[in-house]
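J.: whatever this is, show me its structure:
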Amino acid sequence: MGNTFYGDGDGLYLSNGGTATFMDVLMLAVSALVEEPWDYRFAALLALQDQNVVGRGAVGFDLEDIDWGASPEEQARNKDFVLRVIDLALDRHRWDELDYDPPFVADYLRDFRTMVAAYTLASRDERSPMAFPDHEEAATASCARHRVLSALPHWEGCVFCTAQ
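T.: Numbers count the residues shown, from 1 in each chain. Alright, predicted model coming up:
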């Protein structure tokens, strides 16, 4: 049992342990880079992938379900933000604070980066993105202990708190 992240027909399948590690390092990176309202929404999407709350094998999302923005400029900016998050994670940002060694996560990040970079931002129809949190659900609360954004108001604690 595991989780899949999709984009343009490609899928990144990760074991439950791989998914937890993938989300940990992405949360460390996204928390360092958020600036704009859309960034906080993307951070919420990542925070909501917490298997300790949702359940093992019950997370994952499709790049198509993300509201990338209304204009080509917004879409390009938001896609660039996601790529910068992945790149910061690949630079091992704050990995020294993890209480484990993530030996395979760099490969997962490279695969995810390839998927995001290749993703074609198509014009959206009028349906609302299924997996993407709206403005009210943006991850604006920070866990003081772990210094990462959390999924409040959905549940208390960040991905590191719920793992303990």
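J.: any idea what the closest residue to F112 other than its chain neighbours is bridged to?
T.: Closest residue to F112 apart from its sequence neighbours, by C-beta to C-beta, 6 or more residues apart in numbering: L12 at 5.6 Å. Quick note: C-beta positions are derived from backbone N, CA and C, even for glycine. According to DSSP bridges, the residues that bridge with L12 are F5.
J.: and L12, what does it touch?
T.: T4, F5, Y6, Y108, D111, F112, M115 (C-beta atoms under 8 Å, 6 or more residues apart in numbering).
J.: drop anything exposed from the residues you listed.
T.: F5, Y6, Y108, D111, F112, M115 (16 or more other C-beta atoms under 10 Å).
J.: which of those residues sit farthest apart?
T.: Y6 and Y108 (14.3 Å; C-beta to C-beta).
J.: on that earlier part again, any idea how far the residue nearest to F112 lies from E36?
T.: The gap separating L12 from E36 is 25 Å, by C-beta to C-beta, to the nearest Å.
J.: can you give the contact residues for stretch 72-80?
T.: With C-beta under 8 Å, 6+ apart as the test, stretch 72-80 has contacts from E36, W38, F42, W68, G69, V116, Y119, L121.
J.: same list, the buried ones among the contacts of L12, but as TSV with pLDDT and distance to F22 please.
T.: Formatted as TSV, the entries for these read as follows, by pLDDT from 0 to 100; distance: C-beta to C-beta, whole Å:
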residue	pLDDT	distance to F22
F5	85	8
Y6	85	14
Y108	96	5
D111	95	10
F112	95	8
M115	94	12
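J.: by mean pLDDT, point me to the weakest helix or strand of this structure.
T.: helix 51-54 (a mean of 62; mean pLDDT, DSSP states H and E).
J.: next up, the contacts around A106.
T.: Contacts for A106 were tallied using C-beta under 8 Å, 6+ apart; they are L90.
J.: re the thing from before, can I have the buried ones of the contacts of stretch 72-80 as a ChimeraX selection?
T.: Only the buried entries of the contacts of stretch 72-80 go into this ChimeraX selection, using 16+ other C-beta under 10 Å:
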select :38,42,68,69,116,119,121
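J.: how about the contacts of stretch 72-80, which pair is most distant?
T.: Largest pairwise distance in those, by C-beta to C-beta, is 19.5 Å, between E36 and Y119.
J.: present the buried ones among the contacts of L12 as JSON lines; the columns should include distance to E73.
T.: As requested, these are arranged in JSON lines below (distance: C-beta to C-beta, whole Å):
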{"residue": "F5", "distance to E73": "25"}
{"residue": "Y6", "distance to E73": "25"}
{"residue": "Y108", "distance to E73": "30"}
{"residue": "D111", "distance to E73": "28"}
{"residue": "F112", "distance to E73": "24"}
{"residue": "M115", "distance to E73": "22"}
